[in-house]
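*Asks:* Okay, structure incoming, though there's no sequence with it:
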């Protein structure tokens, strides 16, 4: 059987779902079909998003459109080609709505179907959002006082972590991201979940240039760090992630927690953990690995999404002045 027919058979054999949740339909990087490592197909509720890193032949594209339309008749379709950091739409359903809603852990999120390189929601972070909800809920139950649980969400994008944190019981969330348009979508994510608007704030500034403002609003019980590996000249993870880690002592409350996230294919899980331990002033009682769902992992899992929840922060102890 040739590679094309293998692909069609793989997609056709999947159990079909028509619900508002998300799922991975085909994960080429897993190597399940040699020759199709460049293709990814995700379902976001009633929307199918296909990304290919290699041009599709006209016959292949038409075959894929026909097959997905037959198997998922209630879904709209977008096919995107990416090359050298650029994205080009090869196909978009004519009647595709601009936005749809998806569900995860009982929470509603907006997905943008027809603009931008990404749909505004990363389904592979499902376990990270659940970890945030569970941590905050557990912290509130274990606390013997009415201590507040403020959260700082850096590189907030469309604020899915903020929604999850407030659903878990956070007292407030500060969302910071340079992209004000993404923050505007994030604000709508809060609105459609009927969250109290007084509990979430949005700051469209460069994080390093406005760190003094962040510090004044702290300290925080939970800090979420989910940066893109590269963001133009404003963020390069090998240089700038350690800088952020070194500043945690200025914004993180004692006994607090940090969700460290990184999706860089050239940096392994142990490398990331070593960076956390080496660059963080102070220590944590626990550092838990939050696994990426296996259906989103590639053939080399160590290169995929890496997420750690570090809790029980112990600030670095400096000797008292005059003592050695």
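*Replies:* Thanks, I have it. Fair warning: this is a prediction, and the values are worked out from it, not measured in the lab.
*Asks:* Please enumerate the helices of the protein.
*Replies:* In the chain, the segments counted as helices under DSSP state H are 3-12, 58-71, 126-142, 160-168, 180-192, 211-217, 237-246, 269-279.
*Asks:* Next, the buried residues of the longest one.
*Replies:* Across helix 126-142, burial judged by 16 or more other Cβ atoms under 10 Å covers 126, 127, 128, 129, 131, 132, 133, 135, 136, 139. In this view, the C-beta of every residue, glycine as well, is placed from N, C-alpha and C.
*Asks:* ok, the residue nearest to residue 230 when sequence neighbours are not counted - how many residues close by?
*Replies:* Distances taken as Cβ to Cβ, 6 or more residues apart in numbering place residue 236 nearest to residue 230, at 5.7 Å, with adjacent residues excluded. By other Cβ atoms under 10 Å, the residues close to residue 236 number 14.
*Asks:* if I read this right, residue 236 contacts residue 242, doesn't it?
*Replies:* No: using Cβ atoms under 8 Å, residue 236 is not in contact with residue 242, being 10.7 Å away.
*Asks:* how far is stretch 209-222 from where the chain is centred?
*Replies:* Its chain's C-alpha centre and that of stretch 209-222 lie 22 Å apart, by Cα atoms, centre = their mean, to the nearest Å.
*Asks:* list the buried ones in it?
*Replies:* 211, 214, 218, 219, 220, 221, 222.
*Asks:* Stretch 171-189 now?
*Replies:* Applying a neighbour-count criterion of 16+ other Cβ under 10 Å, the buried positions in stretch 171-189 are 171-179, 182-183, 185-187, 189.
*Asks:* Can you tell me which of those residues comes closest to residue 66?
*Replies:* Distance to residue 66 across those (Cβ to Cβ) is lowest for residue 185, with 32.1 Å.
*Asks:* Distance check, that closest one against residue 54.
*Replies:* From residue 185 over to residue 54 the distance is 30 Å, taken as Cβ to Cβ, to the nearest Å.
*Asks:* Any regions of the stretch 101-250 of the chain where pLDDT drops low?
*Replies:* Residue ranges of the stretch 101-250 of the chain with pLDDT under 70: 144-147.
*Asks:* Closest one to residue 101 out of the buried residues of stretch 209-222, please.
*Replies:* Using Cβ to Cβ, these come closest to residue 101 at residue 222, 26.2 Å.
*Asks:* what's near enough to touch the nearest residue to that closest one once chain neighbours are set aside?
*Replies:* Counting by Cβ to Cβ, 6+ apart, residue 222 lies nearest to residue 151, which is 4.6 Å off, once chain neighbours are set aside. Each residue near residue 151 by Cβ atoms under 8 Å, 6 or more residues apart in numbering is listed here: 132, 136, 162, 165, 170, 172-174, 220-224.
*Asks:* Check residue 72 too.
*Replies:* Residue 72 touches 16, 18, 43, 48, counting by Cβ under 8 Å, 6+ apart.
*Asks:* Just give me the least confident of those residues.
*Replies:* Among the contacts of residue 72, residue 18 carries the weakest pLDDT, at 79.
*Asks:* Now the residue nearest to it when sequence neighbours are not counted, what are its backbone angles?
*Replies:* Of all residues not flanking residue 18 in the chain, residue 74 sits nearest, at 5.2 Å (Cβ to Cβ, 6+ apart). Dihedral angles of residue 74 (phi, psi; degrees, to the nearest 10) stand at phi -90, psi 0.
*Asks:* I'd say residue 74 and residue 16 touch.
*Replies:* No: using Cβ under 8 Å, residue 74 is not in contact with residue 16; the gap is 9.9 Å.
*Asks:* The two: who's more crowded?
*Replies:* Neighbour totals were compared for residue 74 and residue 16, and residue 16 leads with 11 against 8 (other Cβ under 10 Å).
*Asks:* backbone phi and psi for the more buried one, please?
*Replies:* Per degrees, to the nearest 10, the backbone of residue 16 is at phi -90, psi 140.
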